[in-house]
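Asker: return a 3D structure for these sequence lines:
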Amino acid sequence: MTESAGSDSWIERVFNVSARGSTIKTEVLAGVTTFLTMAYILVVNPMILSDAGMDYGAVFTATALASVAATLVMAFLAKLPFALAPGMGLNAFFAYSVVLAMGHSWQFALTAVFIEGIIFLILTFFNVREAVLNAMPMNIKRAISGGIGLFIAFIGLVNAQVVIKPDGPLPVGLGEVTTGPALLAVIGLIVTGILVSKKTRGALIIGILFGTVFGIPLGVTQVPDQFALIGAPNAPAFLQFEFAQILSWDMVIVVLTFLFVDLFDTVGTLIGVSTKAKLLDREGRLPQAKPALFADAVGTTVGACLGTSTVTTYVESAAGVEEGGRTGLTALTVAALFAISLLFAPLFAIIPGAATAPALVLVGLFMMTPILEIDFGDYTESLPAFLCIIMMPLTYSISEGIVFGVISYALLKLLTGRGKEVHAVTYAVAAIFVASLFLK
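Answerer: Below you'll find the predicted structure:
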């Protein structure tokens, strides 16, 4: 059987791999790449939520299971190459704002996440979220791709301590690149860059594996003395809700915050990565938007029941797209690896952020290409696009970049006499964004 022959296999029939110009081997490789670039969440999410008093092992299990559930929905309903997991930023809000700052229990926070998931299911069913996604102006969609590129490259550099927050007045600075994680990231970036330049298949995976192994003598990859390859997973914190304060004002504020951030993080990621993968139609719409949006709504609801924070579509999916992933088989591969990770928790825990940083930097580069299609001569198009791009890494938020892009787009078009070029939904979204700025 040839690589693309599985035309009679169930995989080919379910995912239409050949019809999207891909192969089974490419899709699986893309899934492995995506998983390796986002596997850090299996370690980071339990660390953050344990600060809120939750059990580390229980959160690890919940993180993996929620990721499996949401990504399977993406694989079989949306049939898109995107992976989902508990979102960074949202988990920090859960632990440090809701629990530690506001003084609520982690059960209260899980209840808010559960309510958010139910609301998302309703909004998705009635096509509200899809309408928002489709109404985004085309140049803003291109800018979102570029902004996400800068954002995930910045995440990689920060994780590897190449970029740091120094002592003194400067907000950012260069880390110590001659030693430790930063040195490993720089070396890994050179190696991975060479592999990409030579068009080596699986270059990003090879780079991650190289960084993990090379990090051992550098002291960056930590292998415990009593290293166990396989370990039984802990039981998740199942249905640990607290409904006593469900009608409180704090609950309303927390739920709305989760809703707002997750809505536009997910929309931004779907638009950005889909633009890069050329999955949008001629009108700039994502054909499978509704089931794709159902995936994170289901994942958030299931995740809350299992004991983890809001689930969202991951920008690291761009790594798999760059490796050629175009179908739900890529997502299915990611889901399978998350399931397997339940047994191999100690193994995934040793992959350092510095080893995945080169992949994120290169994916950031790849994500920049759609901005070449922006009309930079029309400032009512290019200025909003530029603000969208630059504000994502500077505010450390995809949603904030979209806020600046959409508001400036609507205002510039309206105030230059070109208001009819803007979709009514875009004006409505811009008005909501303006209101949200004053409510912060």
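Asker: all contacts plus neighbour counts: C-alpha atoms, from now on.
Answerer: Noted.
Asker: quick one: contacts for the closest residue to Leu209 other than its chain neighbours?
Answerer: Of all residues not flanking Leu209 in the chain, Ala355 sits nearest, at 7.4 Å (C-alpha to C-alpha, 6 or more residues apart in numbering). Residues in contact with Ala355 (C-alpha atoms under 8 Å, 6 or more residues apart in numbering) are Ala160, Leu184, Ala185, Gly188, Gly207, Ile208, Leu209, Phe210, Gly211, Thr212, Gly215.
Asker: now with 10 Å, please.
Answerer: Applying C-alpha atoms under 10 Å, 6 or more residues apart in numbering, we find Ala355 in contact with 36-37, 156, 159-160, 181-182, 184-189, 207-215, 220-221.
Asker: buried only: go through those for me.
Answerer: Neighbour-count burial (16 or more other C-alpha atoms under 10 Å) applied to the contacts of Ala355 gives 36-37, 156, 159-160, 181-182, 184-189, 207-212, 214-215, 220-221.
Asker: so which of those residues are in helices?
Answerer: Among these, the members found in helices (DSSP state H) are 36-37, 156, 159, 181-182, 184-189, 207-212, 214-215.
Asker: quick one: the helices in the stretch 251-400 of the chain, in order.
Answerer: Ranges of helices in the stretch 251-400 of the chain, per DSSP state H, counting those that start in this stretch, are 289-306, 317-322, 328-341, 345-349, 353-367, 379-395, 398-415.
Asker: just the C-alpha atoms of the third one, please, in PDB.
Answerer: Once side chains and other backbone atoms are set aside, the C-alpha atoms of helix 328-341 remain, and they are given as PDB (Å, rounded to 0.1, in the frame of the first residue of the first chain):
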ATOM      1  CA  GLY A 328      -9.200  15.800  11.300                       C
ATOM      2  CA  LEU A 329      -6.700  13.000  11.300                       C
ATOM      3  CA  THR A 330      -4.100  15.400  12.600                       C
ATOM      4  CA  ALA A 331      -6.500  16.200  15.500                       C
ATOM      5  CA  LEU A 332      -7.200  12.500  16.100                       C
ATOM      6  CA  THR A 333      -3.500  11.900  16.400                       C
ATOM      7  CA  VAL A 334      -3.200  14.600  19.000                       C
ATOM      8  CA  ALA A 335      -6.200  13.200  20.900                       C
ATOM      9  CA  ALA A 336      -4.600   9.700  20.900                       C
ATOM     10  CA  LEU A 337      -1.300  11.100  22.200                       C
ATOM     11  CA  PHE A 338      -3.100  13.000  25.000                       C
ATOM     12  CA  ALA A 339      -4.800   9.700  26.000                       C
ATOM     13  CA  ILE A 340      -1.400   7.900  25.900                       C
ATOM     14  CA  SER A 341       0.100  10.600  28.000                       C
END
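Asker: and it, what other elements does it pack with?
Answerer: Helix 328-341 makes packing contacts with helix 10-15, helix 24-38, helix 56-73, strand 84-86, helix 317-322, helix 345-349 when contacts are defined by 3 or more C-alpha pairs under 10 Å, 6 or more residues apart in numbering; DSSP states H and E.
Asker: quick one: which of these is nearest Met251?
Answerer: strand 84-86 (20.1 Å; C-alpha to C-alpha).
Asker: contacts for the helix or strand just after that closest one, please.
Answerer: The helix or strand immediately downstream of strand 84-86 is helix 90-92, counting by DSSP states H and E. Helix 90-92 is contacted from outside by 44-46, 48-49, 51-52, 97-99, 113, 257-258, 261-262, 308-312, using C-alpha under 10 Å, 6+ apart.
Asker: got a markdown table for the helices and strands packed on helix 328-341, with distance to Ala410 too?
Answerer: Output for the helices and strands packed on helix 328-341, formatted as a markdown table (distance: least, C-alpha to C-alpha, whole Å):
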| stretch | distance to Ala410 |
| --- | --- |
| helix 10-15 | 38 |
| helix 24-38 | 35 |
| helix 56-73 | 34 |
| strand 84-86 | 31 |
| helix 317-322 | 28 |
| helix 345-349 | 45 |
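Asker: can you add mean pLDDT and give these back as CSV?
Answerer: Shown next, in CSV, are the helices and strands packed on helix 328-341 (pLDDT from 0 to 100):
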stretch, mean pLDDT
helix 10-15, 82
helix 24-38, 89
helix 56-73, 93
strand 84-86, 93
helix 317-322, 86
helix 345-349, 73
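Asker: of all those, which one is nearest Val252?
Answerer: The nearest among these, by C-alpha to C-alpha, is strand 84-86 at 21.0 Å.
Asker: and the closest one, what does it pack onto?
Answerer: So strand 84-86, by 3+ C-alpha pairs under 10 Å, 6+ apart, packs with helix 24-38, helix 41-50, helix 56-73, helix 289-306, strand 311-313, helix 328-341.
Asker: which of the ones you listed is buried the deepest?
Answerer: strand 311-313 (a mean of 29; mean count of other C-alpha atoms under 10 Å).
Asker: give me the mean pLDDT for that one.
Answerer: For strand 311-313, the per-residue pLDDT values average out at 89.
Asker: can you list the strands that that strand pairs with?
Answerer: Strand 311-313 has the following strand partners under DSSP bridges: strand 84-86 (antiparallel).
Asker: the most centrally placed residue in the chain and Thr178, how far apart?
Answerer: Nearest to the geometric centre of the chain sits Tyr314, at 1.9 Å (C-alpha atoms, centre = their mean). Distance of Tyr314 to Thr178, given as C-alpha to C-alpha, to the nearest Å: 31 Å.
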